[in-house]
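In: Just the structure for this:
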Amino acid sequence: MRAARLTSPAATLTGSGAAGGAAPVVLVAHGSRDPRAADATRALARAVSAARPGTPVWASWLDHTEPGPTQVLRDLAVAGHRRAVLVPLLLTAAYHHRVDIPAAVAAAARSGPPLSVRVTDVLGPADDTPDPALLAGLCRRLGETRPGRFDALVLAAAGTRDARARRSVGRVADALGVEFGVPCRVAYASAAPPATGVAVSRLRASGARRVAVAAYFLAPGLFHDAVTEAAGAAGAVAVAAPLTDAPELVELVLRRVDDRPVLASTG
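Out: Reported below is the predicted structural model:
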């Protein structure tokens with residue numbers, strides 16, 4: 001029964017391949033009640049699959065949308081695969097990366113045939129330097145808004161209480177500021193200050209006349225909607241769309257797939 005799930009459209013299989021071929025890639029997103037978020041993850045999975053022919057690529061979610069990563073890993077093992085690469089679709093290495101994803105891998109190992117799972121780094125900075133592909137994707141989305149000339153920038157992120165994760169967002173903001181030659185400040189949609197509207201207002205109060213907002217989001221949803229509304233109310237000239245399936249994000253995912261492992265679990 002589980003093996004049959006592998007070919008079910010509901011399971012969001014976006015590639016094909018027999019056991020013994022290329023290791024399947026399992027993308028793991030946070031999940032959202034907003035269906036646009038799952039659609040964006042599926043679009044990214046299709047784009048990754050198209051860029052790496054012959055590699056099975058699966059989408060999974062930690063919450064709100066099925067299947068979860070544990071089920072996908074179990075199904076892959078039952079289908080005869082002996083290894084898989086799991087890529088966290090996360091921009092910070094906070095709770096979900098440290099706790100939820102290892103728990104999902106461990107649960108699959110306890111209840112299925114042996115499967116060696118390599119978990120990659122998140123898509124945000126794995127060290128002090130943001131990946132050039134991540135920065136290029138953010139620049140692409142900002143450029144698509146046609147903001148014209150701007151003299152300040154806000155990097156709006158979802159938010160986290162994890163101080164280390166917030167520092168990684170700050171490194172991305174610093175790199176974007178250098179890229180555009182303007183001050184760039186971080187804002188959060190939840191969990192930490194400042195809010196996007198506050199960050200935009202502070203920059204305008206300090207003398208900036210045209211403030212643009214880069215979206216540090218992988219998918220659309222309520223957070224990005226709130227950022228867009230707040231930024232507009234505060235006088236921002238443009239708000240970028242989420243990264244979704246930008247070519248640079250596809251490149252970054254594949255780079256993570258090809259990287260050396262940072263965590264391994266064998267059933």
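In: Can you classify Ala214 by secondary structure?
Out: strand (DSSP: H, G, I helix; E, B strand; the rest coil).
In: er, His97 actually
Out: helix.
In: Can you get me a residue count around it?
Out: Applying other CB atoms under 10 Å, we find 21 residues neighbouring His97. C-beta here means a position set from N, CA and C on the backbone, and glycine is covered the same way.
In: Asp245 versus that one, what's the distance?
Out: Applying CB to CB, to the nearest Å, the value for His97 to Asp245 is 21 Å.
In: just Val122 next, same as before
Out: The value you get for Val122 to Asp245, if CB to CB is used, is 18 Å.
In: And the strands in the stretch 101-250 of the chain, which stretches?
Out: 116-119, 152-157, 184-188, 211-216, 238-239 (DSSP state E, counting those that start in this stretch).
In: With Leu135 as the reference, name the closest of those.
Out: Minimum separation from Leu135 across the strands of the stretch 101-250 of the chain (CB to CB) falls at strand 211-216, 9.8 Å.
In: Which secondary structure elements does the closest one sit against?
Out: Applying 3 or more CB pairs under 8 Å, 6 or more residues apart in numbering; DSSP states H and E, one finds that strand 211-216 contacts helix 132-144, strand 152-157, helix 163-180, helix 196-205, helix 222-233, strand 238-239.
In: out of the ones you listed, deepest packed?
Out: Here the criterion is mean neighbour count by mean count of other CB atoms under 10 Å, and of these the winner is strand 152-157, at a mean of 29.
In: export that strand as PDB, just CAs?
Out: Provided in PDB are the C-alpha atoms of strand 152-157 (Å, rounded to 0.1, in the frame of the first residue of the first chain):
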ATOM      1  CA  ALA A 152      17.000  52.500   1.700                       C
ATOM      2  CA  LEU A 153      15.900  48.900   1.900                       C
ATOM      3  CA  VAL A 154      14.100  46.700   4.400                       C
ATOM      4  CA  LEU A 155      14.500  43.000   4.400                       C
ATOM      5  CA  ALA A 156      11.200  41.600   5.700                       C
ATOM      6  CA  ALA A 157      11.400  38.100   7.200                       C
END
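In: Now do it, average pLDDT.
Out: Strand 152-157 carries an average pLDDT of 97.
In: same deal with stretch 205-222?
Out: 97.
In: in that stretch, what's buried?
Out: 208, 210-221 (16 or more other CB atoms under 10 Å).
In: Now do it: distance from first to last residue.
Out: 27 Å (CA to CA, to the nearest Å).
In: would you say Ala59 is within a strand?
Out: Yes. Under three-state DSSP, Ala59 sits within a strand.
In: Is it in contact with Ala29, as I believe?
Out: Yes. Using CB atoms under 8 Å, Ala59 makes contact with Ala29 at a distance of 7.0 Å.
In: joint contacts of those two?
Out: Common contacts of Ala59 and Ala29 (CB atoms under 8 Å, 6 or more residues apart in numbering): Ala38, Thr41.
In: give me the low-pLDDT residue ranges for the chain?
Out: Residues of the chain meeting the criterion pLDDT under 70: 1-20, 95, 260-267.
In: Spit out the contact partners of Arg161.
Out: Neighbour list for Arg161: Ala191, Ala192 [criterion: CB under 8 Å, 6+ apart].
In: give the contact list for the closest residue to Thr145 other than its chain neighbours.
Out: Distances taken as CB to CB, 6 or more residues apart in numbering place Ala238 nearest to Thr145, at 4.0 Å, with adjacent residues excluded. Contacts for Ala238 (CB under 8 Å, 6+ apart) come out as Leu142, Thr145, Arg146, Pro147, Gly148, Phe150, Ala212, Val213.
In: quick check, nearest of those residues to Pro193?
Out: Val213 (16.1 Å).
In: how does the protein divide into domains?
Out: Split into domains by automatic domain parsing, the chain comes to 2-124+247-266, 146-239.
In: now for the ones you listed, which one comes closest to Leu135?
Out: Proximity of those to Leu135 was assessed by CB to CB; the nearest stretch is domain 146-239, lying at 5.6 Å.
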